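J.: generate coordinates for the sequence data below:
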Amino acid sequence: MKQFKKILFFLLIPVFVKAQQDPFVEMWSNKQIDSLREEWKHTAGNDTMRMRIARSLGWYYQEMNRDSSIYFQSIQLELARKLKLKLWEADALDQGGWLFAQLKNYPLSLQYFLDGFEILQNKDSEKNIWLITLFSKDKDPGKARLTSLASIYNDIAVLYAATGNKEKELYNLMQGLKIAQGINNYTMIALITLNTAGAYLRMDKPDSALMYIRISKDHMIKSGYKTYEGEALNTLGDIFTKKKDYNQAKQYYDQSISTNKRNHVETSLPNNYLSMANLFFGLGKADSVAYYAREAINGFKKFGNYTGLSNVYSFMYTFQKKEGNADSAYYFLQLYSVLNDSINKAEKGKIDAYQNVGFNKQIEMQEREKKQIQKENSIRTYALLSGIAVFMLTAFLLYRNNRNRKKANQLLQKQKEEIEIQKRNVEITLADLKSTQAQLIQSEKMASLGELTAGIAHEIQNPLNFVNNFSELSSELIEEMNVELIKGDIEEAKTISANIKQNLEKINHHGKRADAIVKGMLQHSQKGSGQKEPTNINALADEYLRMAYHGLKAKDKSFNATLKTDFDESIGNINIIPQDIGRVLLNLYNNAFYAVNERSRKGEHGYVPSVAVRTVKEGNKVRIAVNDNGSGIPESIKEKIFQPFFTTKPTGQGTGLGLSLSYDIVKAHGGELKLETKEGEGSEFIIALHVN
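T.: Have a look, this model is predicted:
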């Protein structure tokens, strides 16, 4: 777990750096580097983490120990190729190209840069970017690729500067700057304008150099990237030295030395010292010149920078000659001549090899172009031959078609006649199908009406039984009252009279109840107006629930089920066509009772059939949910349940039109009818109606 936390912390390091800093250019404290070195020991077998740490350590050692930097860069390159991470491979090639340029290995540097360009100029490198936040803070694959492309343009300019090609140096710097500005990358703008300032300074254009160095410093502040802040300050010092503003120049040189030491950019210190020596030479301070020249010589020797060392020897020759020290001047002249001859010889070989790489690359591109031209010519030849073949084939086909046209017309006429016959047969079949469909719909309506009638008849039977029973009882009580009157027992007669009155009230009550049921039956049987009217949905749902239940009881005396209601009294009246919604509810209730009855027949231990209806108001909608604890509907047929003629009931017990008609009625009301079911547990049909 501890190891995992370390790795997680390392991956999230870009998040912990200053908010404005670009994670692409890495800056590490000594404490963080110690942690990275420790992590390096434990990453064997984890290629991605090893590649990530190798990049960080390679960046860290760039300006302190370039051999170590190349070691880690080569590991990053090897693992990126193994993992097939193209952007990481191009990044490693860019870093390697820059390092080899610093070490004067121009051929290998150029090869690395060209290979990196080939990857980055292909948009496929935007795919499969591991840890993309390292290349683009906002995780944009396009910006990630362009960031690396801007960097490689900047770094190859350093190579062209070292090999004396000022034209290509400036061209690549401008290309990189254009890309960096296009993606608004402050870090890349800072680095590229810093190198551009150096290029103009070497061309003895201090004003242009000053303009670009100020742009560079501004963008270093914006980006938070400080590694080359010392170099920018040193360039400013060189500019003001050329302008002979020595006081201003010395301030920048002092700041540059302290900044490079603070940022561990040790490779730039010898240049600082040489610049200071040149400054004091202009001021005529011989002791200071000698001190800083010695520091520069020691620094260039430490880092194996023989070009820089040669420059110091040349400077010291000029200085000693001006001071009138002939022996010292001759001494430094000899050192300069021997070293310069050695450098020129080595440089010539490297530049020749470097030029050969470029020449070979051009030859390779020309060979590719030649092969491409040959390929295109072959394609044109094949296309011409194919065209001739197609023309001849077309002529043959036209001839054959012309010969067979009459036969084809005759066959077409015959097929047309057959199609007309088939069309008439299809129309007859369609008419028969519509007739059958109408009959089935009527059958479904009659079945629903029969079930409703049975329920109503059962409802009427109850009050009629009360009327008959109380009528017979009242008749017997009248006979008893007459007997008591004959006896003269007035009090008993009054008591019997009171009972008769109560019976008559009950007869009247149940008579009115039967009358209401009959009136409701008549109203239901009448053809609806098709117009919506304010309706108490709770009362309608409860009424049809009772009717459906008693209708099933009338057909099957053994059937029993628990009825549950949960009505939201806040709903009040809503505008619906009551006969139509009543038909929907009746159909849903009948299906629910059928489902629980079928499950009840299986004889499950502890099973109690239950049908529930619930209403609730939700915003501008009223939901009516009819729930049963039957066997549920299998998932495989759930989508078909509202299709016309689809039914789960045995043949003869259902037409498959009930739910289809219910669905259409609810849709016509601007509502929805949905099903929620779980096989083995039950089903719930939900009617959702808008409240007007």
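J.: make it CA atoms for all contacts and neighbour counts henceforth
T.: Noted.
J.: from Val691, how far out is Asn573?
T.: Distance, Asn573 to Val691, using Cα to Cα, to the nearest Å: 9 Å.
J.: the host helix or strand of Ser74 - what's its average pLDDT?
T.: Per DSSP states H and E, Ser74 falls inside helix 66-83. The pLDDT scores in helix 66-83 average 90.
J.: pull the residues that contact it.
T.: Residues from elsewhere that reach helix 66-83 (Cα atoms under 8 Å, 6 or more residues apart in numbering): 47-48, 50-52, 54-55, 57-62, 86, 88-89, 92-93, 95-96, 99.
J.: next one: the helix or strand just after it to chain centre, how far?
T.: Under the assignment DSSP H and E, the closest C-terminal helix or strand after helix 66-83 is helix 86-102. With Cα atoms, centre = their mean, to the nearest Å as the basis, helix 86-102 stands 32 Å off its chain's centre.
J.: mark out where each domain of this structure begins and ends.
T.: Domain assignment for the chain by automatic domain parsing gives 409-524, 535-690.
J.: mean pLDDT for those: which is lowest?
T.: For the domains of the chain, mean pLDDT drops lowest on domain 409-524, to a mean of 73.
J.: how about the strands of the stretch 501-650 of the chain, start to end?
T.: Under the criterion DSSP state E, counting those that start in this stretch, strands of the stretch 501-650 of the chain are mapped to 533-536, 562-566, 573-576, 610-618, 621-628.
J.: got a pLDDT number for the residue positioned nearest the centre of the chain?
T.: With distances taken as Cα atoms, centre = their mean, Lys139 lies nearest the centre of the chain, 12.2 Å away. pLDDT recorded at Lys139 is 89.
J.: and it, how far from Leu201?
T.: Distance from Lys139 to Leu201, by Cα to Cα: 37 Å.
J.: so where is the stretch 1-150 of the chain shaky, pLDDT-wise?
T.: For the stretch 1-150 of the chain, the stretches with pLDDT under 70 are 1-21, 28.
J.: again, only using 50
T.: Where the stretch 1-150 of the chain drops to pLDDT under 50, the residues are 1-20.
J.: contacting residues for Asp628?
T.: Contact partners of Asp628, counting by Cα under 8 Å, 6+ apart, are Ala592, Phe593, Ala595, Val596, Pro609, Ser610, Val611, Ala612, Gly682, Ser683, Glu684.
J.: so what does the fifth one have for phi and psi?
T.: Looking back up the chat, that one is Pro609. Phi and psi for Pro609, reported as degrees, to the nearest 10, are phi -60, psi 140.
J.: burial count for it?
T.: Neighbour count of Pro609, defined by other Cα atoms under 10 Å: 21.
J.: please look at it and Phe559 and confirm they touch.
T.: No - checked against Cα atoms under 8 Å, the pair Pro609 and Phe559 is beyond contact range at 9.4 Å.
J.: give the residues shared as contacts by the two.
T.: Both Pro609 and Phe559 are contacted by Asn597, under the criterion Cα under 8 Å, 6+ apart.
J.: with Leu477 as the reference, measure out to Lys494.
T.: Taking Cα to Cα, one finds Lys494 at 11 Å from Leu477.
J.: swap in Ile686?
T.: In terms of Cα to Cα, Ile686 sits 53 Å off from Leu477.
J.: one step back: could you tell me the angle between the helix holding Ser74 and helix 86-102?
T.: Helix 66-83 and helix 86-102 are oriented at 160 degrees to each other (axes from the mean of the first three to the mean of the last three Cα atoms, to 10 degrees).
J.: got the buried residues for helix 66-83?
T.: Within helix 66-83, the residues scored as buried using 16 or more other Cα atoms under 10 Å are Arg66, Ser69, Ile70, Phe72, Gln73, Ser74, Ile75, Gln76, Leu77, Leu79, Ala80, Arg81.
J.: ranges for the helices of the stretch 201-350 of the chain?
T.: Ranges of helices in the stretch 201-350 of the chain, per DSSP state H, counting those that start in this stretch, are 206-223, 229-242, 246-262, 269-283, 286-302, 306-323, 326-487.
J.: so which of the ones you listed gets nearest His605?
T.: Across those, His605 has its closest neighbour in helix 326-487 (29.5 Å, Cα to Cα).
J.: buried residues of stretch 117-125, list them for me.
T.: For stretch 117-125, a neighbour-count test (16+ other Cα under 10 Å) marks Phe117, Ile119, Leu120, Ser125 as buried.
J.: helices or strands up against the one helix or strand the second one maps to?
T.: It stands for Ile119. Taking DSSP H and E as the definition, Ile119 sits inside helix 106-120. Under the contact criterion of 3 or more Cα pairs under 8 Å, 6 or more residues apart in numbering; DSSP states H and E, helix 106-120 touches helix 86-102, helix 141-162, helix 326-487.
J.: angle of it against helix 86-102?
T.: In terms of direction (the same axes, to 10 degrees), helix 106-120 departs from helix 86-102 by 160 degrees.
J.: residues contacting the residue lying closest to Leu659 once chain neighbours are set aside?
T.: Nearest residue to Leu659 in three dimensions, chain neighbours excluded: Phe642, at 5.6 Å (Cα to Cα, 6 or more residues apart in numbering). By Cα under 8 Å, 6+ apart, Phe642 lies in contact with Leu659, Ser660, Tyr663.
J.: ok, Ala286 to Asp542 distance?
T.: As for Ala286, its distance to Asp542 is 113 Å (criterion: Cα to Cα).
J.: what of Arg50?
T.: As for Arg50, its distance to Asp542 is 73 Å (criterion: Cα to Cα).
J.: among these two, which residue is more densely surrounded?
T.: A side-by-side neighbour count of Arg50 and Asp542, using other Cα under 10 Å, places Arg50 first with 20 against 17.
J.: could you measure that one against His42, distance?
T.: The value you get for Arg50 to His42, if Cα to Cα is used, is 9 Å.
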